[in-house]
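Enquirer: The amino acid sequence is not available; the structure is as follows:
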């Protein structure tokens, strides 16, 4: 006995001492199931805790100094603005079919102030998805189109040169205006902008040029602003450009008229530029409103979930609330506001906070339940719009050129008397003036405050450091489960070989698997790669399908489905039937496939969290449970226990829900009732997404491919 | 694409080669959309195509091609490849001829890798035979490491990107592989030529002289010599024929002679082409000097640019010495430990260089990953292979994303990009460490087989 004991001791002795970190890793891997359940729950919980953890915003760039100077906008400027509004709403100006007349009026007003004025003609460019654009910088690969003279828009641009500036920097003020069917709100927004503009021609403190862009919104606000920005940022040097708007007689006519009436003034035919843009404000006035007080809504989400610097929102919020007495509003998901479960959740958090405070008075993290519900609704909409990747307004075009921009939408308490109108003009104008004055003080680009944040209210935000925790908790199980599966698969294959360490023992694995033991995952990697390849092909197909003329959404969707299946079959046959191969293999091979899949999902989600956090978060909520629960159905059926049956049901349900068309139908069904759901809608939706080069689109493919595994 | 190494025997090798060539040609037709030649991962100040074209333009307008610190490559490369940068064919992509040269260089490299791999495999089998281990190790299970290595090199996305991205690294890699091929198949003039050209083009391959000397002196990779002696002691018949040959100085002197001849030849050619513009000294200053002093701090996938952008000017020289001596420090211990496996030693050197060199690009990684394929049989039990694979995939996807975040979106900063560079360096370290330990374990396993005791 003693001998054997000694022997076993001596056997143990040469075992190298395991380092604590390795031991921790082994512990985590061996308890991966419990750890992953805990982590996932914690991740979801942390997501709901975010509104509680939100911090108050603060202005971190000292140079901004918002509200330190008293506003200079006087009633004189307001009456100027009023004059413009009156002229624009005058029925005479609307007689022209193209709306050129009203643009002329605006230009004339600008010229009277002594600003430099030019017209910018553009053709609305359809947003086209180009599969290779993900790799290229924003400027390259521009597609030259055949222009026709029938459709073009005119942006009117006025520039004030700063008396103290060197012309290297500029601030942009954008007012979308549709000359053909302009409402009173649009005219009013022009009035506000004009009153500010007329003030800025007189002030001495201006250090940055001011550009006022009246964007012709008859082809959409975004298209007009984007066209102007494209022209501004990428000057064309070649004289041999394709036939563009200047060839059209109508437009030339406009110029001649202009040149005739005011020769020798600051009007010019050519495209005028000022310096690099420090920031941009898009100003809108909503036409009808039923609220009780003047509010101002801030829209900030640009393409792919990019946000402007938080300082810009802070400045607007500070000036609107503390100087002009406007209520500031950020987009909310209104349906969440009345949900009872959120309210009860908020009450739970509130009572927890009370308990915590009674335990230790310095813990003050609780917020009232109503505030919590509102914060959650705002957060949800913030997440939704960032995840969708479609900009919420014309400001989105600026962010593509690294210019911070937001849209301000003033919704006034509506009444038609003149006093009210003057009041709105005065307060709106003073707000814009204050923001411009603050930005004018900037010495550098906006860089102090956050770019990566989620808003829970206009004055509260969740920064990247906080919301990443929730995400990290959510995806933490993935590498752990992958590692444990991998280790299991490897060790089980080792055991089957016995303990002889001779290389000859390696050979008795499956007949077609290779001797290389630690490289056995290559087979499953190949399978995963092929499925990814299929996903890529499926995602590129719509581009080619959209080239087919005269296709209704429904037929093109059908073509898409057919071609996808066809490509899967082709890949299957060409690349040595990977799926059949997978079927033939045993459980441990399946574990390897799952392990490789999970690690690739982990890489994908990690990447996506850097590109677009909101997409990654929503995707992780969908995919992490799916990845962790996935099991081959055959095995579950064979096992026949209750637990495996539950798991199978879970798999089937999750797999179907996460399959994008299914998810889309469910959502749509919930929103509009199932009656009018149509495959064509899905096609339209996808089309609208890829039009914005949305990262969401890539992501959907990822989901698709997981599904095909399930 | 490493997964392709499965079952190469049944797959047709040539099919894959043709497929990879066709894939390259397809990509060459989208140069504008891919925009690879301006990616910092692909083109460094040394390998950039645009700088080459600029250097050629300066040369054509009878100025020094090194004027303005634009071009930092060899004058010979300028004379050979320069005309291709301006030659256009109507209706074809702009740099078609140049891209074709890169594709040809890649294919030639792959063929040389294949030939060398077959050489290595034969040598390995021979040494197993002389150790009488053929019965214990099933030789039929041995993979054709040459084919695998060639396919890894050809199908590796890094190689493809470097080739389509119009960088000069396919040519530099070809010179290195030429050197190793010459040394393995004992074509001493060829080995000397490869070594001289590789050194001339990118300086770092100079340290490959150590593995080349071992290769020429004692032949290609084999188990340690000690094992042979032990084996024969056991049998108590010392069969001199079965022992690997000892170190012989003849080929090395031969090599030195040829290396001297080639370097004189190259220098004379360079001197002629740079006669009016400051001569050879100017060339050394703006090629080797540029490499060693890390003048260009534009971001790349290495770690030096960030460090030297941050370091105080006062300490700059000190840290330059520290970083470069780092490579030299590793030469001696590795060469002692791995002297019986000169080709593996060459792989380790190449990997270390590509990790610590001043302007690394993915082309360098492509080279050592290709060379890794030679040792599939030895590395069968390498640990962390899945982790390394995922790491490489992740980093190569994350790096462009971080760059986009920093440069185009402006929401990130240099630290974001540098993080991926550090992760990449760590991955390479793990690869080298695990690779070396796997090979040493393999040797240990052979010893156990022979002596029968652990």
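Expert: Nice, I can see it. As the structure is a computational prediction, the values presented were derived from the model and not from experiment.
Enquirer: who's in contact with residue A:69?
Expert: When contacts are counted by C-beta atoms under 8 Å, 6 or more residues apart in numbering or on different chains, residue A:69 is found next to A:205, A:437. C-beta coordinates here come from the backbone N, C-alpha and C atoms, glycine included.
Enquirer: Which pLDDT value belongs to residue 258?
Expert: Reading this off chain A. You'll see residue A:258 listed with a pLDDT of 49.
Enquirer: Switch to chain B, please.
Expert: 94.
Enquirer: Pretty sure it sits against residue B:194.
Expert: No. Contact criterion C-beta atoms under 8 Å: residue B:258 and residue B:194 do not qualify, at 10.7 Å.
Enquirer: between these two, which one's more packed in?
Expert: Applying other C-beta atoms under 10 Å in any protein chain shown to residue B:258 and residue B:194 shows that residue B:194 carries more neighbours, namely 26 against 19.
Enquirer: doesn't residue B:185 make contact with that one?
Expert: No. At 11.7 Å, residue B:194 does not count as touching residue B:185 under the criterion of C-beta under 8 Å.
Enquirer: Quick check: residue A:436 is in a helix.
Expert: Yes. Looking at residue A:436 with DSSP: H, G, I helix; E, B strand; the rest coil, it is inside a helix.
Enquirer: lowest average confidence, helix or strand, in chain B?
Expert: helix B:31-34 (a mean of 62; mean pLDDT, DSSP states H and E).
Enquirer: what's downstream of it, the next helix or strand?
Expert: helix B:49-60 (DSSP states H and E).
Enquirer: can you pull the buried residues of that next one?
Expert: For helix B:49-60, the buried set under the neighbour-count rule, 16 or more other C-beta atoms under 10 Å in any protein chain shown, comprises B:49, B:51-59.
Enquirer: same check, this time on stretch A:269-285
Expert: Here stretch A:269-285 shows A:272-275, A:277-285 as buried, counting by 16+ other C-beta under 10 Å.
Enquirer: for those residues, which one is nearest residue B:362?
Expert: Among those, residue A:277 lies closest to residue B:362 (C-beta to C-beta), at 35.4 Å.
Enquirer: what helices or strands is the host helix or strand of the closest one leaning on?
Expert: Per DSSP H and E: residue A:277 is located in strand A:276-285. Other helices and strands packing on strand A:276-285, by 3 or more C-beta pairs under 8 Å, 6 or more residues apart in numbering or on different chains; DSSP states H and E, are strand A:169-177, helix A:184-200, strand A:404-411, helix A:418-441.
Enquirer: Which of those sits closest to chain B?
Expert: strand A:404-411 (9.2 Å; C-beta to the nearest C-beta).
Enquirer: Which residue does the stretch 151-300 of chain B have closest to chain A?
Expert: Counting by C-beta to the nearest C-beta, the stretch 151-300 of chain B gets nearest chain A through residue B:161, at 10.8 Å.
Enquirer: Run a quick neighbour tally on that residue.
Expert: 21.
Enquirer: and after the strand or helix carrying it, which helix or strand comes next?
Expert: Following DSSP H and E, one finds residue B:161 within helix B:157-164. Following helix B:157-164 in sequence order, the next helix or strand is helix B:169-184 (DSSP H and E).
Enquirer: on that earlier part again, just put the buried residues of stretch A:269-285 in CSV and tack on pLDDT.
Expert: As requested, the buried residues of stretch A:269-285 are arranged in CSV below (pLDDT from 0 to 100):
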residue, pLDDT
A:272, 82
A:273, 84
A:274, 85
A:275, 84
A:277, 90
A:278, 89
A:279, 91
A:280, 92
A:281, 93
A:282, 93
A:283, 92
A:284, 90
A:285, 87
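Enquirer: Could you export those residues as CSV, including distance to residue A:324?
Expert: Putting the buried residues of stretch A:269-285 into CSV (distance: C-beta to C-beta, whole Å) gives the following:
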residue, distance to residue A:324
A:272, 31
A:273, 32
A:274, 27
A:275, 29
A:277, 25
A:278, 22
A:279, 19
A:280, 20
A:281, 15
A:282, 18
A:283, 14
A:284, 17
A:285, 14
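Enquirer: out of those residues, which one sits closest to residue B:372?
Expert: residue A:277 (49.5 Å).
Enquirer: from what I can see the closest one touches residue A:170, true?
Expert: Yes. Here residue A:277 lies in contact with residue A:170, judged by C-beta under 8 Å, at a distance of 5.4 Å.
Enquirer: what's the overlap in contacts for these two?
Expert: Shared contacts of residue A:277 and residue A:170, counting by C-beta under 8 Å, 6+ apart, come down to residue A:211.
Enquirer: Which single helix of chain B contains the most residues?
Expert: helix B:414-451 (DSSP state H).
Enquirer: helices or strands next to that helix in the packing?
Expert: helix B:225-235, helix B:304-310, helix B:316-337, helix B:342-356, helix B:385-403.
Enquirer: again, only this time at 10 Å
Expert: Judged by 3 or more C-beta pairs under 10 Å, 6 or more residues apart in numbering or on different chains; DSSP states H and E, the packing partners of helix B:414-451 are helix B:96-130, helix B:225-235, helix B:304-310, helix B:316-337, helix B:342-356, helix B:362-372, helix B:385-403.
Enquirer: Thanks again, I'm all set now.
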